[in-house]
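**Student:** quick one, fold the following:
(one chain, ligands or ions: 1)
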Amino acid sequence: MAKVQTHSEMSLAAPMPVSQDTEDIDLVALTMAALRFVNPWSVETKSQWSDRIVPGTPEAKDRTITLAEVAYHDTPNDCWVVIYDRVYDISTFLDEHPGGAEIMLEYAGRDASTAFRGSGHSRMASKALERFLVGELPMPERMYRRPGGIRLSDIPE
Ligand code: HEM
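**Tutor:** Have a look, this model is predicted:
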């Protein structure tokens, strides 16, 4: 017949952990639970974007480029900027820019929409963007060209 343990026997056999240990274990469990929500495949690496697009070509119009990818192109030889949710490769334009290369390099790999607008660019400058187009941001990352997005009367077509 099974032996029934008294309350004091049970306490001796399996002593309760001290409160500090309990806190440590909870923290580890919490971290592990949080990590389970992280999808390692969602981390973008440069190698997955190896194919280069020629700026201004028809393929560029259909290409979706994330902000994470844009961020990799942040040098004078490989300089991308985002203007009104469209991605431009301005590497070859840096030295031609009437406002100078330095000012554009400040936005290398980032959004330059407000800087572009704030510098009072002409319609001709907006039109000039077309030849540097390499793609467009995915809908969730857009600020302007999406339903309910920020409206600007002079967004280039
Ligand atoms: C990325 C695409 C860009 C293109 C195609 C572009 C094009 C041009 C063009 C054609 C001009 C001559 C004036 C005009 O027609 O408006 C100009 C001037 C200027 N740009 Fe840009 N620009 C670009 C980005 C930027 C950015 C990101 C800035 C940052 C603030 C900037 C700042 C300026 C300034 C300050 C001038 C005036 C220069 C002067 O009058 O001395 N531009 N740009």
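**Student:** for the rest of this, base every contact and every neighbour count on C-alpha atoms.
**Tutor:** Noted.
**Student:** how about the helices in the protein?
**Tutor:** 7-13, 19-36, 58-62, 67-70, 101-105, 113-118, 123-128 (DSSP state H).
**Student:** report the contact partners of the nearest residue to Asp78 once chain neighbours are set aside.
**Tutor:** In space, and not counting its chain neighbours, Asp78 is closest to Ser91: 5.4 Å by Cα to Cα, 6 or more residues apart in numbering. Neighbour list for Ser91: 76-80 [criterion: Cα atoms under 8 Å, 6 or more residues apart in numbering].
**Student:** most neighbours, which of these?
**Tutor:** Greatest neighbour count in the contacts of Ser91, by other Cα atoms under 10 Å, goes to Trp80: 30 neighbours.
**Student:** let me see the contact set for that one.
**Tutor:** Per Cα under 8 Å, 6+ apart, neighbours of Trp80: 70-71, 73-74, 87-91, 108-110.
**Student:** which of those fall in strands?
**Tutor:** Residues from the contacts of Trp80 lying in strands, with DSSP state E as the criterion: 74, 87-89.
**Student:** what's the average pLDDT for the lengthiest strand in the chain?
**Tutor:** Under DSSP E, the strand in the chain containing the largest number of residues is strand 78-83. Per-residue pLDDT over strand 78-83 has a mean of 97.
**Student:** now stretch 119-131
**Tutor:** 94.
**Student:** buried residues in that stretch?
**Tutor:** 126, 129-130 (16 or more other Cα atoms under 10 Å).
**Student:** who touches it?
**Tutor:** Contacts for stretch 119-131 (Cα under 8 Å, 6+ apart): 55-57, 88, 156.
**Student:** can you list those residues in JSON lines and add neighbour count, distance to the ligand and pLDDT?
**Tutor:** Shown next, in JSON lines, are these (neighbours: other Cα atoms under 10 Å; distance: Cα to the nearest ligand atom, whole Å; pLDDT from 0 to 100):
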{"residue": "Pro55", "neighbour count": "20", "distance to the ligand": "13", "pLDDT": "90"}
{"residue": "Gly56", "neighbour count": "17", "distance to the ligand": "12", "pLDDT": "87"}
{"residue": "Thr57", "neighbour count": "15", "distance to the ligand": "16", "pLDDT": "88"}
{"residue": "Tyr88", "neighbour count": "24", "distance to the ligand": "7", "pLDDT": "97"}
{"residue": "Pro156", "neighbour count": "16", "distance to the ligand": "11", "pLDDT": "60"}
